[in-house]
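Asker: no sequence on this one, just coordinates:
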């Protein structure tokens, strides 16, 4: 790995912890039942935060997004998160021909 | 596959289409910059809807969740969705001993 900064995309999936009350989820479940959908047992609503950032390497990108989650993106009292970091496509000389 | 109903979990990921204005994403990006995070290029916010439903087989479960997305969970004018269907663990006779 070179130390040249690259563009990383992190998909952060934030969900309420199990057992935490989820009024939006209950509302969606009720709406689906009203529309005639049968067999709905549970609905939970969460959020996605897709962050595009410049970092020198994947480990640093991961560390920074973790810090973002702790400081702003999630409420650790009631929410859990998972992160999926997309490896950047390295630029090739042939790309510059376009 | 037997025709016995099983419990499926569908993870639905709803995101704004590319180019659609995303004020919550812009607000999160500004907040992260205010906290001192550098190198943020873009932030987009989406939602997760986790649906637990009873269906006779995976194809039916998938079809039903697709219909839910079209009728209630997403706004097809401005949003795209992806679905991930979790295969249920089949019940085994040994499970009933517990």
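Answerer: Received the coordinates, thanks. Predicted, not measured: the structure shown is a model, and the values here were computed from it.
Asker: got the contact list for residue A:26?
Answerer: Residue A:26 sits next to residue A:43 when contact means CB atoms under 8 Å, 6 or more residues apart in numbering or on different chains. For the C-beta atoms, the positions are set from N, CA and C on the backbone; glycine is no exception.
Asker: now it, what's its secondary structure?
Answerer: Put simply, residue A:26 is helix when judged by DSSP: H, G, I helix; E, B strand; the rest coil.
Asker: Please give the element, helix or strand, for the residue nearest the centre of chain A.
Answerer: Taking CA atoms, centre = their mean, the centroid of chain A lies closest to residue A:12, which sits 1.6 Å from it. Taking DSSP states H and E as the criterion, residue A:12 maps to strand A:6-16.
Asker: Quickly list what the spatially closest residue to residue A:41 that is not a sequence neighbour is bridged to.
Answerer: Distances taken as CB to CB, 6 or more residues apart in numbering or on different chains put residue B:52 closest to residue A:41, at 4.3 Å, once the chain neighbours are dropped. Counting by DSSP bridges, residue B:52 forms beta bridges with residue A:42, residue B:9.
Asker: Just give me the neighbour total for residue B:52.
Answerer: For residue B:52, the neighbour count with other CB atoms under 10 Å in any protein chain shown is 16.
Asker: Kindly report the same for residue A:9.
Answerer: Neighbours of residue A:9 (other CB under 10 Å): 18.
Asker: so it touches residue A:51, yeah?
Answerer: Yes: under the criterion of CB atoms under 8 Å, residue A:9 is in contact with residue A:51, at a separation of 7.2 Å.
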